[in-house]
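J.: The following block contains a protein sequence and its predicted model.
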Amino acid sequence: QVQFVASGGGLVQPGGSLRLSCAPASGFTLGYAIGWFRQAPGKEHERVSCMNFSSRLTYYADSVKGRFTISRESAKNTVHLQLTSLQPEDTATYYCASVPCDAQNMGDSRDWGQGTQVTVSS
C-alpha cells in the first residue's frame, strides 16, 4: 500500500490561508484519485476533499465547500489543498490517501501516512 506524506500545515489566524501538499513515498505515483482527511483531537475523522484524476471530478465536504480547493501538480507528482478563510473549527491534523472519488462521494480510509497540523487561532 502506497503511503502518502502531507505537508504545509502551520499556525494561521482566522481568515488566513494555507496550502497543503500531498506526495507519495519515493518511487510511487499518485494513483487514480487522492482524498484529504482531517482529524481534530477527540473527534472522528472527516472526509474533506478528493480528486479523481481520470474524470477530473472533485468532491468537497459541505463544511469546506467554497473555501478549500484541491488541485494536482502533475510535474511534481503532488496534490495540493488550498485552504482559505480558515476558521478555528478547521484546526486538525490533515492527511491524504488514495481513495475512490467522484463528485458526490469520497471513499473512506484509515491508511494514512504522515499528516500535517493546521492550527487556526488568534
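T.: Yes, it's here.

J.: what's the pLDDT at D102?
T.: D102 is assigned a predicted lDDT (pLDDT) of 94.

J.: Number of residues surrounding it?
T.: 14 (other Cβ atoms under 10 Å). (Each C-beta comes from the backbone N, C-alpha and C, glycine too.)

J.: Ignoring the adjacent residues along the chain, who's closest to it?
T.: Distances taken as Cβ to Cβ, 6 or more residues apart in numbering put L57 closest to D102, at 5.1 Å, once the chain neighbours are dropped.

J.: In this structure the one you found contacts C101, no?
T.: Yes - assessed by Cβ atoms under 8 Å, L57 is found in contact with C101 at 6.8 Å.

J.: Pick out whichever of those two has more residues nearby.
T.: Between L57 and C101, C101 has the larger neighbour count (other Cβ under 10 Å), namely 25 against 14.

J.: Now the more buried one: phi and psi?
T.: phi -150, psi 130 (degrees, to the nearest 10).

J.: before we move on, what about the one 10 residues further on?
T.: Backbone torsions for D111, taken as degrees, to the nearest 10, come to phi -90, psi 70.

J.: what do you get for the one 5 residues further on?
T.: Recorded main-chain torsions at T116 are phi -130, psi 130, according to degrees, to the nearest 10.

J.: From S55, how far off is it?
T.: Using Cβ to Cβ, to the nearest Å, T116 is found at 27 Å from S55.
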